[in-house]
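**Q** sequence isn't available, so here's the structure alone:
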């Protein structure tokens with residue numbers, strides 16, 4: 001391999017792309033995408049979409065999930081714990097009923113075994129969906145309902161439910177646990193909470 005090819009190989013796939021705080025999806029947008037996938041009978045992507053919303057996992061963790069991470073004895077669990085690749089810390093998340101149903105349908109349709117990856121890659125030399133492939137799928141989801149893909153990305157899927165939980169409860173600590181953040185400050189930055197909002201919550205919290 002010559003030097004030019006080696007340099008190209010080492011360049012991150014997202015180099016030069018707009019990297020910034022990606023917007024979370026609103027409830028109506030979640031349902032718009034979900035209904036489109038249901039109408040298209042896209043069992044694989046519906047399972048991926050629902051699990052991405054529920055799990056709040058980073059893309060690198062989501063694509064590496066195996067069937068045994070979410071299902072035992074042929075039944076999809078209502079909760080599971082995953083070790084995060086970035087922090088090497090466990091994070092627990094719930095799997096809602098509609099997500100369990102979509103996962104069960106996908107596992108059955110694809111005839112996946114317990115130790116197999118939940119979302120196998122369609123490229124022969126990759127055992128599971130890559131983060132780049134996942135990013136392309138997310139881009140297709142958002143553009144399909146008329147959103148600007150520059151404002152959304154894989155972190156949109158991670159932020160969506162966490163943002164909804166925060167807006168409903170104003171409980172930063174709960175969201176911190178859901179995202180697996182080690183520091184509360186990281187959660188504040190991640191959610192894009194205004195300083196005044198954060199201070200108001202702090203003032204209402206007695207220690």
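**A** Cool, the structure landed. Note that the coordinates shown come from a computational prediction; the quantities given were computed from them, not determined experimentally.
**Q** and the residue nearest to residue 176 when sequence neighbours are not counted, what helix or strand is that in?
**A** Among residues not flanking residue 176 along the chain, residue 187 sits closest, at 4.3 Å (Cβ to Cβ, 6 or more residues apart in numbering). (Each C-beta comes from the backbone N, C-alpha and C, glycine too.) Using DSSP states H and E, residue 187 sits in helix 184-191.
**Q** on contacts alone, who are the packing partners of that helix?
**A** For helix 184-191, the elements it packs on are helix 154-169, helix 172-179, judged by 3 or more Cβ pairs under 8 Å, 6 or more residues apart in numbering; DSSP states H and E.
**Q** which ones are touching the closest residue in space to residue 46 that isn't next to it in sequence?
**A** Counting by Cβ to Cβ, 6+ apart, residue 46 lies nearest to residue 37, which is 4.2 Å off, once chain neighbours are set aside. If a contact means Cβ atoms under 8 Å, 6 or more residues apart in numbering, then residue 37 has 45-46, 49 as its contacts.
**Q** any idea which element the most centrally placed residue in the chain lies in?
**A** Centre of the chain computed as the mean C-alpha position; nearest residue by Cα atoms, centre = their mean is residue 52, 3.5 Å away. Using DSSP H and E, residue 52 maps to helix 43-55.
**Q** contacts for that helix?
**A** Residues contacting helix 43-55 (Cβ under 8 Å, 6+ apart): 25, 30, 33-34, 37-38, 61-62, 65, 70, 82, 93-96, 98-99, 102-103, 105-106, 109-110, 118-119, 129, 134, 137, 141, 157-158, 160-161.
**Q** tell me the angle of it relative to helix 172-179?
**A** Helix 43-55 and helix 172-179 are oriented at 140 degrees to each other (axes from the mean of the first three to the mean of the last three Cα atoms, to 10 degrees).
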